[in-house]
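Enquirer: Build me a model:
(2 chains)
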Protein chains: 2
Amino acid sequence: MVLKLSPPDNFDRAKMTDLIKRRFFYDNSFAIYGGITGQYDYGPMGCDLVDNMLAEWQKHFVIQERMLKVNCSILTPEPVLKASGHVDKFADYMVKDVKTGECYRLDHLIKQHFEKKRADKKTTNEEKEALDRKLTLLEGMTMEEMNKIVKEYAMKSPLTGNDLTDAVEFNLMFPISIGPSGSLKGFLRPETAQGIFVNFKRLLEYNQGKLPFACAQIGNAYRNEISPRSGLLRVREFTMAEIEHFCDPDDKSHPKFNQIADTEMILYSGCAQMDGEPAKKMTIGEAVHGGLVANETLGYYMARIHQYLIKIGISPKKMRFRQHLSNEMAHYACDCWDAECLTSYGWIECVGCADRSAYDLGQHTKGSGVKMCVERPLKEPILVDSVVAVPEKGIIGKTFKKDAKAVQEALLSLSSDEAEKMDKALNDSGEYQLNGFKLTRGMVPSFKREQKKVYVEDIVPSVIEPSFGVGRVFYALLEHSFRVRENDEKRTYFSLPAVVAPIKVSVLPLSNNQEFMPFTSQLADALTELSLPVRVDDSTGSIGRRYARTDEIAIPFGVTIDFDTVNNTPHTVTLRERDSTEQVRMPIEEVPVTVRKLADGKIKWSDVTSKWPKFTAQETTK
Amino acid sequence: MVLKLSPPDNFDRAKMTDLIKRRFFYDNSFAIYGGITGQYDYGPMGCDLVDNMLAEWQKHFVIQERMLKVNCSILTPEPVLKASGHVDKFADYMVKDVKTGECYRLDHLIKQHFEKKRADKKTTNEEKEALDRKLTLLEGMTMEEMNKIVKEYAMKSPLTGNDLTDAVEFNLMFPISIGPSGSLKGFLRPETAQGIFVNFKRLLEYNQGKLPFACAQIGNAYRNEISPRSGLLRVREFTMAEIEHFCDPDDKSHPKFNQIADTEMILYSGCAQMDGEPAKKMTIGEAVHGGLVANETLGYYMARIHQYLIKIGISPKKMRFRQHLSNEMAHYACDCWDAECLTSYGWIECVGCADRSAYDLGQHTKGSGVKMCVERPLKEPILVDSVVAVPEKGIIGKTFKKDAKAVQEALLSLSSDEAEKMDKALNDSGEYQLNGFKLTRGMVPSFKREQKKVYVEDIVPSVIEPSFGVGRVFYALLEHSFRVRENDEKRTYFSLPAVVAPIKVSVLPLSNNQEFMPFTSQLADALTELSLPVRVDDSTGSIGRRYARTDEIAIPFGVTIDFDTVNNTPHTVTLRERDSTEQVRMPIEEVPVTVRKLADGKIKWSDVTSKWPKFTAQETTK
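Expert: Got it, this is the predicted structure:
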């Protein structure tokens, strides 16, 4: 991850954090008990915003692409994560302060050290270039390479100046023991993907045995980060939204690629990163056909991710797709692109999009002994040599009694290679061990050899995986939509699109007068009836101050009940749009449907201003 | 929990389980690795059904009642759960087989033993009555009482006949250690409620300091069950949907009680249970005004729970509210009612609804030292004696230097009682320890005594808590909606209401003919455009078989593209309703909006049959 150190625009993080805390978008978990690093609670605003982001995600991906969906266990037995590689490899390198025992994640420490050194005036341009080169390669470095850097730069513990221990591998999974006896070892899942892989056979069956198909899962995952920091960007408990798209390894074309081929995106290729060149704007069609992006399906998802992020309010100017370098790419992946968003912490990875090839299904086939593959029709049937055991059922029955059926089945499910091997062994030694049963020549006197016509072949599907870090997208979205009103430094707000805004509409009576009450409550009820989350603010603050409060929590539309509403028929109200602060005057009974349509994106604010007369109010009266 | 042993109706659990497995509603987690007890994965159908149940829950409760919502951490540090009482008390009694070490939950073992004994022909009626009495009291029994029963009935290990150990308390929480050093001890949360309580102050602030307000949370919770069984009814990982309604302890009336007072419900009071009398049908208005249900707010939520369960498809005839007996009620609760559903496992608790009084907030005030209360305006201001320290800032500054500010603040935040105590101590011994600082008379030469007018008092709110076990409601819903077609034993299906059905509509072309394709795909796209989950089945099966397949996964509406669609203008299709199997013929372009309205409950099937001509097809052609 290459960091640009300067914050974007004139963004003021302290100001945004103040608003986030004050209006409880999110905050440290268990704050009254002193809080806990790397864990956050989402308050009413944050919670609704995330829910709306995910609802839109489901519409955009699951419903539009007719995906399957699963919800799998988080408590995961060890053998599953042994097979997936997490038990052996899901680790970061950790060093400790030799005196205090404080733990640090080594790559972060190196990055921090290099950034400080880079900012030092005494550092020569040559040295800076060397640092940049190393930073680019940092994510893919081995433990030995990092240990070497610690020695080379004489790095010390940042808080105390003490020496650091050599690095050790620290597995990031939380171990857990399941059941009262404590004998069943497991972990909290570190990603949602494995739940989909272990259910592959059932999902394939559900899809009537056909490829391609995709399955999505939204849920929590856990990583015991060594020293979490950077707020929501590095946490121990987080929500992921992952898609596993299973397809023919020899045909990764996508039927709807043409629909998105012209999408313009900023692509930062591996070569450009190595050569120190900037990212490039191009269409995904160019990128796929020119060979930069590995295949149509991968490209299709990249474009769909791009569209989704823009729809929920990520700034297209602060988004890019960065290709993994060969040294940081998992060894099984063919190609991998991260959707990164520019924030005050630099470019951060928000969505990964990888072609994981057949790796995961292959691993679980090995781990579980259950074959994970798909039958693909052959263009021409082929002839294959077949060897089939011909058992002597009587002897097997007498010998194995209640196990006889299992032995028979094991014999019939032998592959031709295994059967051939067994025949040879019985000839040589007179016996053969099959699944723990000792078989003799008498039990399997002969093997039938023939040529069989075969119409299908077994293939292991490839997997294309878009994987969303929901908390990171959420945080980037907050930064990208944070605004300060011109000429009023104190009026900060979030310019969230209506589709994800937590509350869609506010109702503000201009006066506490009895006569206003029925209008307020009936309108609020009518809006609620259309499932629109509504906020009534009948406090005594000036209307300007109340608008400012609704702006802070990103309410896109506001209705004011004023004296004209109460005194004139037909009863009219004003409807205000948050970003422009424009208002129109319209009949009160038209409001609910209009706001519903605005919230769903069925009409735009300009449709409203062209239909109803503008209303000019003095928002500044306080 | 009183079990009725006879399964309801002629429900066939094996038949339903077959359908659930075959169409992947849910299944054992990690089945390819041999599965794991007490954990389940939800497949595409189960996952969508749960999501739809929860979406409706949010509309019914969160949006309709304008609740706040939070999403809090699952990893919970020990002090939080120590304060809530879970570390000390969240345990079941466990016995072990003395030889095999197999663990059993004692109350389940006793229940099983009693039920067997009850079914024994040799058991006299008198003995049966004694067993029934003990079963009624079982949930609230102490460990000693249960141990006594084991001895009295000479109970043995059910699998081996071996002796059983004495019972021990087994804490049901999963311990976990947070961070790389392993020094921070915590647990996976056993319920979602605590996340709301620890955020109470922020939520109150968000609600502008006013009572009442309610906050909801949906999320996972974990209980390390001793020996999970009964499928989804007892699991180690599950989803809860909880509401904490905070209100004035002296005013538990509810402004909308009148709107639900006439709701008829089956109530099974504590007295009726003790007296062996049946549950009674009555309105919630009668129950509250007669004093059976403790207060309006509790009654309001019971009625709203009742309405919700019926809306999603729970059979009103198989639902009752059972009052907790005083011996099973948590010691802090004033009144508690469980919404129970009748299933083939007997009556099972699906939703709890308790008045938890001020217990939880009080516990966290003690645990965290942070006061959790609300300022309530007094009707008349009152005069109170006030004692305030008057510090000598110079001396304090000189003595404590950088800590001086903390000392000053501690002095100013003393309560009158504490200040009085300090004054006395300074008079008696000349010094006083405050937060670890030694203060002398010279630092606090005098105390100001006066009478103050006070306009508000601090109160600790009461909490009313509706708590949904989502998996249990889900399971009861499946049983209640499981159907077998008359005259066709093999055609099983789920009669789920459209609002929760996973897929809303199917599109079935009658022929694979090229000419059908554009109609199929355009209609499917138009339905998807309205965010309707759609299933296209263009397989070669007969239309009757394909209808049966869509019925199995509860698709409420089906569109058939037939030869009339293709050959005649205007192009018309048939629309079929699942439960009645009735069909109408209508123009193809009217279908999407009609289905959208049906799915949202805006119109009924009878509205459709009265608008369009009926169509009679032979579904049985295979």
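
Enquirer: what about the residue lying closest to residue A:48 once chain neighbours are set aside, which SS state?
Expert: Here the nearest residue to residue A:48 in space, its sequence neighbours aside, is residue A:502; by CB to CB, 6 or more residues apart in numbering or on different chains that works out to 3.3 Å. Placement of C-beta: from N, CA and C, glycine included. With DSSP: H, G, I helix; E, B strand; the rest coil as the basis, the three-state label of residue A:502 is coil.

Enquirer: now do the one 5 residues further on
Expert: Following three-state DSSP, we place residue A:507 in the strand state.

Enquirer: what bridges to the spatially closest residue to residue A:164 that is not a sequence neighbour?
Expert: Spatially, and ignoring its direct neighbours in sequence, residue A:164 is nearest to residue A:95 (4.4 Å; CB to CB, 6+ apart). Beta-bridge pairing of residue A:95, defined through DSSP bridges, involves residue A:104.

Enquirer: Please determine how far residue A:95 is located from residue A:169.
Expert: Distance of residue A:95 to residue A:169, computed by CB to CB, to the nearest Å: 11 Å.

Enquirer: Equivalent analysis for residue A:423, please.
Expert: Here the criterion is CB to CB. By it, residue A:423 lies 47 Å from residue A:169.

Enquirer: Would you list the phi and psi of the residue lying closest to residue A:213 once chain neighbours are set aside?
Expert: Nearest-residue entry for residue A:213: residue A:207, 4.4 Å, with adjacent residues in sequence omitted and distances by CB to CB, 6+ apart. For residue A:207, the backbone dihedrals (degrees, to the nearest 10) come out as phi -90, psi 20.

Enquirer: what about residue A:207, how many residues close to it?
Expert: By the other CB atoms under 10 Å in any protein chain shown criterion, the neighbourhood of residue A:207 contains 17 residues.

Enquirer: so how far is residue A:541 from it?
Expert: Separation of residue A:207 from residue A:541 (CB to CB): 56 Å.

Enquirer: related to what we said a few turns ago, for residue A:95 and residue A:169, indicate the residue with more neighbours.
Expert: For residue A:95 and residue A:169, the more surrounded residue by other CB under 10 Å is residue A:95, and the numbers stand at 25 against 13.

Enquirer: Pretty sure the more buried one sits against residue A:108.
Expert: No - taking contacts as CB atoms under 8 Å, residue A:95 lies outside contact range of residue A:108: 10.4 Å.

Enquirer: For the stretch 101-250 of chain A, just list every one of the helices.
Expert: In order along the chain, the stretch 101-250 of chain A carries the following helices (DSSP state H, counting those that start in this stretch): A:106-119, A:125-137, A:143-152, A:193-198, A:200-206.

Enquirer: out of those helices, deepest packed?
Expert: Most buried of these, by mean neighbour count (mean count of other CB atoms under 10 Å in any protein chain shown): helix A:193-198, with a mean of 25.

Enquirer: Roughly how far does residue A:321 sit from residue A:292?
Expert: For residue A:321, the distance to residue A:292 (CB to CB) stands at 10 Å.

Enquirer: any shared contact partners between these two?
Expert: Here residue A:321 and residue A:292 share the contacting residues residue A:267, scored by CB atoms under 8 Å, 6 or more residues apart in numbering or on different chains.

Enquirer: okay, these two: which has more neighbours?
Expert: residue A:321 (23 against 20).

Enquirer: Please give the element, helix or strand, for the more buried one.
Expert: Residue A:321 belongs to strand A:319-323 when assigned by DSSP states H and E.

Enquirer: Could you list every helix and strand in contact with the next helix or strand after that strand?
Expert: Taking DSSP H and E as the definition, the helix or strand that follows strand A:319-323 towards the C-terminus is strand A:335-343. Counting contacts by 3 or more CB pairs under 8 Å, 6 or more residues apart in numbering or on different chains; DSSP states H and E, strand A:335-343 packs against helix A:296-312, strand A:319-323, strand A:346-357, helix A:470-481.

Enquirer: Among these, which comes closest to residue B:450?
Expert: Relative to residue B:450, the nearest member of those by CB to CB is helix A:470-481, separated by 48.3 Å.

Enquirer: so the closest one versus helix A:296-312, what angle?
Expert: For helix A:470-481 against helix A:296-312, the angle between stretch directions is 50 degrees (axes from the mean of the first three to the mean of the last three CA atoms, to 10 degrees).

Enquirer: Show me what helix A:470-481 is packed against.
Expert: Using 3+ CB pairs under 8 Å, 6+ apart as the contact criterion, the elements in contact with helix A:470-481 are helix A:13-22, helix A:44-57, strand A:237-247, helix A:296-312, strand A:335-343, strand A:346-357.

Enquirer: could you redo those as CSV and give each row mean neighbour count and mean pLDDT?
Expert: Formatted as CSV, those follow (neighbours: other CB atoms under 10 Å in any protein chain shown; pLDDT from 0 to 100):
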stretch, mean neighbour count, mean pLDDT
helix A:13-22, 15, 95
helix A:44-57, 22, 96
strand A:237-247, 23, 98
helix A:296-312, 23, 98
strand A:335-343, 23, 96
strand A:346-357, 22, 95
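
Enquirer: who in the stretch 151-300 of chain A is up against chain B?
Expert: Counting by CB under 8 Å from any CB of the partner chain, the residues of the stretch 151-300 of chain A close to chain B are A:170, A:174, A:176-181, A:184, A:188, A:195, A:198-199, A:201-203, A:205-206, A:208, A:215, A:220, A:222, A:224, A:226-227, A:236-237.
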